[in-house]
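J.: coords please:
(4 chains)
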4 protein chains.
Amino acid sequence: MDIKMTAADMSAFLDEAFEQVKGDFTVQEVAPNRVTVRLNVQDKHLRPGGTVSGPSIFALADVSAYLVTLAMIGPQALAVTTNCSIDFMRKPASGVDLIAHVTLLKLGKQLSVSDVLVYSEGLDKPVARASLTYAIPPAT
Amino acid sequence: MDIKMTAADMSAFLDEAFEQVKGDFTVQEVAPNRVTVRLNVQDKHLRPGGTVSGPSIFALADVSAYLVTLAMIGPQALAVTTNCSIDFMRKPASGVDLIAHVTLLKLGKQLSVSDVLVYSEGLDKPVARASLTYAIPPAT
Amino acid sequence: MDIKMTAADMSAFLDEAFEQVKGDFTVQEVAPNRVTVRLNVQDKHLRPGGTVSGPSIFALADVSAYLVTLAMIGPQALAVTTNCSIDFMRKPASGVDLIAHVTLLKLGKQLSVSDVLVYSEGLDKPVARASLTYAIPPAT
Amino acid sequence: MDIKMTAADMSAFLDEAFEQVKGDFTVQEVAPNRVTVRLNVQDKHLRPGGTVSGPSIFALADVSAYLVTLAMIGPQALAVTTNCSIDFMRKPASGVDLIAHVTLLKLGKQLSVSDVLVYSEGLDKPVARASLTYAIPPAT
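T.: Residues are numbered from 1 along each chain as shown, chains lettered A, B, ... in the order given. All right, here's what the predicted structure looks like:
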């Protein structure tokens, strides 16, 4: 199945459609059923001690699952998360960005299911894993 | 089991320990194994269309599970989320705060497990449900 | 919303539609959006030490979420589980049945979401909690 | 980190420690942080139509996460599942076994976290994905 959006398409789409998070995320790579997304860590993402907060890690996993779905169906601002399960496994390293590697496991007519592994940039043990389901609006 | 912190204690603790989210949350009620928490919705919590974003709902569930744990063990800045499962069931109403009702289902030596229901204020069908596990640091 | 099936209807439906688990489950009570289901514990459900196994607790949660959905939409053998998150919190007591209390949190056109608490009969602290999503086939 | 048990060790351990499921599972391959496990599908695992039931898929994911943990820490009959999140994505093919590929993502002192993908043998799209947390008893 072909990719419907490039990394540049996705970054532009995100910044336009979700202005509250403009600049937070950069799409790094896109391949069939796979996307890599960077969280450009800023002060607002941190907790005391300088590590990235749980809600910021969730936000990265959530947007990554959204983007891997859009990569395969094209821009659909109306897809919505219906479920997320996330395990926080290690404290993020301080002073580095987070990188999410997301894999689309299922793309149905109504639902997509994705798996996400989140790493502190440059480290090889994951900070978190998440799986997410998106509901896809009917084609019109 | 007795409550170790009042609603006022918790709100003060949150604002002091987590300055990045100062003013975001208000603890409304505390009872044994139960806490009610308000998300004081602001622009930064919104998505296009004026509804509260998924990551903001996650943040409310996460802090609520943390607070219900602290209510029973006392202030422990070091408790950390290890797992969350969340279902987003309905679009939040626009223009109103979100209210989380959290119940502590288990308080072990190493783990607490909580259930959270999130409502748009004044509405009776939940926006989201979540269950969270916190790892509790060993007493010192 | 009215109940579409009684407890007796459901027990009969289960035994007919799922003969591999005939006799395993008894529907105890039905009310709008709520059902209570008993696992009639037998040797095949046990682990060494005489406690009910994790897969048997999962099976009870799964059938309970199915039944609370059917209670509101009528018999639909084709509804399928799409997601389950389950926390195992305490060892089941040995020598007693398990009782599941399930609440339907959302009934949409395509999905239902339910919350389940599982108890060892006669004890007041839950053995497990689970949330489940069922996909509902389109009406024909 | 070295493997503490071979595939043959694990199959023997399972059959001895969990006689209720004797013969249900075969450990196929073991490597550091990875195990492959087969569900030897029998009548008791089926639903009407000949597909493997949800609880049987859960049981396979659960035992696989247990085994990948034991592979790295050695035989510990007392490790217990604390959490599982599972997505059922496709109907299993009828007439073939299920194969689980499990990866150990974290091995801490108290908890292990694993990711599981379940396939119908010979097919390349996963039937289910699951993530599981096991609590590890303190070394004695």
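
J.: Spatially nearest residue to A:S120, not counting backbone neighbours?
T.: Sequence neighbours aside, A:A93 is the residue nearest to A:S120 in space, at 3.9 Å (criterion: CB to CB, 6 or more residues apart in numbering or on different chains). Glycine gets a C-beta too; all of them are placed from N, C-alpha and C.

J.: How about the residues of chain A by chain C?
T.: By CB under 8 Å from any CB of the partner chain, the part of chain A that sits against chain C consists of A:T82, A:N83, A:S85, A:Q110, A:L111, A:T133, A:A135.

J.: Counting by contacts, list what whichever strand or helix holds the first one packs against.
T.: What that stands for is A:T82. With elements taken from DSSP states H and E, the one containing A:T82 is strand A:80-88. Strand A:80-88 makes packing contacts with helix A:54-73, strand A:128-135, helix B:54-73, strand B:80-88, strand D:128-135 when contacts are defined by 3 or more CB pairs under 8 Å, 6 or more residues apart in numbering or on different chains; DSSP states H and E.

J.: Report all helices and strands that the next helix or strand after it contacts.
T.: Per DSSP H and E, the first helix or strand lying C-terminal to strand A:80-88 is strand A:98-107. In terms of contacts (3+ CB pairs under 8 Å, 6+ apart), strand A:98-107 is packed against strand A:34-39, helix A:54-73, strand A:111-120.

J.: Neighbouring strands - and their directions - for the first one?
T.: So that's strand A:34-39. Taking DSSP bridges as the criterion, strand A:34-39 pairs within the sheet with strand A:25-31 (antiparallel), strand A:98-107 (antiparallel).

J.: so can I have CSV of those strands showing mean pLDDT?
T.: Supplementary listing: those in CSV, determined by pLDDT from 0 to 100:
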stretch, mean pLDDT
strand A:25-31, 96
strand A:98-107, 98
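
J.: Mean neighbour count added to those strands, as JSON lines?
T.: What follows is the strands paired with strand A:34-39, written out as JSON lines (neighbours: other CB atoms under 10 Å in any protein chain shown):
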{"stretch": "strand A:25-31", "mean neighbour count": "17"}
{"stretch": "strand A:98-107", "mean neighbour count": "21"}
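
J.: re the thing from before, can you add mean pLDDT and give the helices and strands packed on strand A:80-88 back as CSV?
T.: Listed next are these as CSV, based on pLDDT from 0 to 100:
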stretch, mean pLDDT
helix A:54-73, 96
strand A:128-135, 98
helix B:54-73, 96
strand B:80-88, 97
strand D:128-135, 98
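
J.: Dump these to JSON lines, plus mean neighbour count and distance to A:E29.
T.: Output for the helices and strands packed on strand A:80-88, formatted as JSON lines (neighbours: other CB atoms under 10 Å in any protein chain shown; distance: least, CB to CB, whole Å):
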{"stretch": "helix A:54-73", "mean neighbour count": "26", "distance to A:E29": "10"}
{"stretch": "strand A:128-135", "mean neighbour count": "25", "distance to A:E29": "19"}
{"stretch": "helix B:54-73", "mean neighbour count": "26", "distance to A:E29": "23"}
{"stretch": "strand B:80-88", "mean neighbour count": "24", "distance to A:E29": "27"}
{"stretch": "strand D:128-135", "mean neighbour count": "25", "distance to A:E29": "22"}
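
J.: Tell me the spacing between the residue nearest the centre of chain A and C:P138.
T.: Nearest to the mean C-alpha position of chain A, by CA atoms, centre = their mean, lies A:S64 at 1.5 Å. In this structure, A:S64 lies at 30 Å from C:P138, with CB to CB, to the nearest Å as the measure.

J.: Tell me what the spatially closest residue to A:T26 that is not a sequence neighbour is bridged to.
T.: In this structure, A:T26 finds its nearest non-sequential neighbour in A:R38, 4.5 Å apart by CB to CB, 6+ apart. In this structure, A:R38 has beta-bridge partners A:T26, A:I99, where bridges are defined by DSSP bridges.

J.: any idea of the angle the helix or strand hosting A:A12 forms with strand A:25-31?
T.: Using DSSP H and E, A:A12 falls within helix A:7-17. With axes from the mean of the first three to the mean of the last three CA atoms, to 10 degrees as the basis, helix A:7-17 and strand A:25-31 are set at 150 degrees to each other.

J.: how far is helix A:7-17 from where the chain is centred?
T.: For helix A:7-17, the distance between its averaged C-alpha position and the chain's averaged C-alpha position is 13 Å (CA atoms, centre = their mean, to the nearest Å).

J.: got it, and stretch A:104-114?
T.: Using CA atoms, centre = their mean, the distance between the centre of stretch A:104-114 and that of its chain works out at 15 Å.

J.: do stretch A:2-15 as well
T.: Centroid displacement of stretch A:2-15 relative to its chain, using CA atoms, centre = their mean, is 13 Å.

J.: and if you look at stretch A:31-40?
T.: 7 Å.

J.: Contacts for it next, please.
T.: Counting by CB atoms under 8 Å, 6 or more residues apart in numbering or on different chains, stretch A:31-40 makes contact with A:1-3, A:7, A:10, A:23-30, A:45, A:52, A:56-57, A:59-60, A:63-64, A:67-68, A:71-72, A:97-104, A:107, A:121, all of which sit outside it.

J.: Next, the buried residues of that stretch.
T.: Going by neighbour count (16 or more other CB atoms under 10 Å in any protein chain shown), the buried part of stretch A:31-40 is A:N33, A:V35, A:T36, A:V37, A:R38, A:L39.

J.: Mind picking the two most distant members of those residues?
T.: The two members of the buried residues of stretch A:31-40 with the most space between them (CB to CB) are A:N33 and A:L39, at 21.1 Å.

J.: Can I get the strands paired with strand A:34-39 in JSON lines including distance to A:R129?
T.: Supplementary listing: the strands paired with strand A:34-39 in JSON lines, determined by distance: least, CB to CB, whole Å:
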{"stretch": "strand A:25-31", "distance to A:R129": "18"}
{"stretch": "strand A:98-107", "distance to A:R129": "10"}
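
J.: Kindly provide the distance from A:G122 to chain C.
T.: For A:G122, the distance to chain C under the criterion CB to the nearest CB, to the nearest Å works out to 32 Å.

J.: didn't that residue look like it was pressed against A:V96?
T.: Yes. Because the distance of 6.2 Å satisfies CB atoms under 8 Å, A:G122 is recorded as touching A:V96.

J.: Compare those two and say which is more crowded by neighbours.
T.: Neighbours per residue (other CB atoms under 10 Å in any protein chain shown) separate A:G122 from A:V96, with A:V96 holding more: 14 against 9.

J.: Can you name the residues that contact the residue lying closest to the more buried one once chain neighbours are set aside?
T.: Beyond its immediate neighbours in the sequence, the residue positioned closest to A:V96 (CB to CB, 6+ apart) is A:E121, lying 4.4 Å away. By CB under 8 Å, 6+ apart, the contact list for A:E121 reads A:R38, A:A93, A:V96, A:D97, A:L98, A:I99.

J.: change it to 7 Å
T.: For A:E121, the contacting residues are A:V96, A:D97, A:I99, taking CB atoms under 7 Å, 6 or more residues apart in numbering or on different chains as the criterion.

J.: go on, A:L67?
T.: With contacts taken as CB under 7 Å, 6+ apart, A:L67 has the following neighbours: A:M10, A:V27, A:V35, A:V37.

J.: What of A:F58?
T.: A:F58 sits next to A:I86, B:P55, B:F58 when contact means CB under 7 Å, 6+ apart.

J.: Output those residues in a markdown table, with distance to D:E16 appended to each entry.
T.: As requested, the contacts of A:F58 are arranged in a markdown table below (distance: CB to CB, whole Å):
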| residue | distance to D:E16 |
| --- | --- |
| A:I86 | 36 |
| B:P55 | 47 |
| B:F58 | 43 |
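
J.: just curious, which of those is nearest to chain C?
T.: The closest of the contacts of A:F58 to chain C turns out to be A:I86 (CB to the nearest CB; 10.5 Å).

J.: excluding its backbone neighbours, what's nearest that closest one?
T.: When the adjacent residues along the chain are set aside, A:I86 lies closest to A:A130, with 4.0 Å between them (CB to CB, 6+ apart).
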